[in-house]
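1. Predicted model and sequence follow; I will ask about them next.
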Amino acid sequence: MPIAIVTSLLHPIPAILAEDTGRGLIARLQGLHKAPELTDEHSARIWLQSLPAPSGWFVSIEEAKAHVKRCHQGAPTIPGATIREAREALGMARDARQVLASGFDKFGQLRSFFAVA
């Protein structure tokens, strides 16, 4: 039984659609407001992936639940030591003040603007 989760840009609550066949689910998706022409399962999957998370096409309710669970997990945190090593290896400034200060003179004017003028 295919399942589709559809999240609209206008409404924060996703719609959960289920049908007995893929053709039936495509027909239901086709009836949604602003749905493009969906000719087959592949075009429906592509369209659903373009929508906000947790939108998607799923083969079973278990697969849909697992997808929603993954969407709720936060991004992994990178340890400060790893960031420091990468910054040093790339020669990047430690903070935004150093980045901004490199492009301005002591009066806060952009050096590149005066170099061109």
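-> Received the coordinates, thanks. Residues are numbered from 1 along each chain as shown.
2. can you confirm residue 35 is in a helix?
-> No: per DSSP: H, G, I helix; E, B strand; the rest coil, residue 35 lies outside any helix segment and is coil.
3. That one is in contact with residue 50, isn't it?
-> No: using C-beta atoms under 8 Å, residue 35 is not in contact with residue 50, being 11.3 Å away. All C-beta spots, glycine's among them, are computed from the backbone N, C-alpha and C.
4. who's more crowded, the two?
-> Counted by other C-beta atoms under 10 Å, residue 35 and residue 50 do not tie: residue 35 has more neighbours, with 15 against 9.
5. so who does the more buried one touch?
-> 29, 47 (C-beta atoms under 8 Å, 6 or more residues apart in numbering).
6. For it, grab phi and psi.
-> Reported as degrees, to the nearest 10, the phi and psi values for residue 35 are phi -80, psi 140.
7. same thing with residue 51?
-> With angles defined as degrees, to the nearest 10, residue 51 sits at phi -90, psi 160.
8. neighbours around residue 57, how many?
-> Residue 57, neighbours per other C-beta under 10 Å, totals 25.
9. My error: substitute residue 69 in the last question.
-> 10.
10. same deal with the one 4 residues further on?
-> Residues near residue 73, counting by other C-beta under 10 Å, number 7.
11. Alright, that wraps it up for me.
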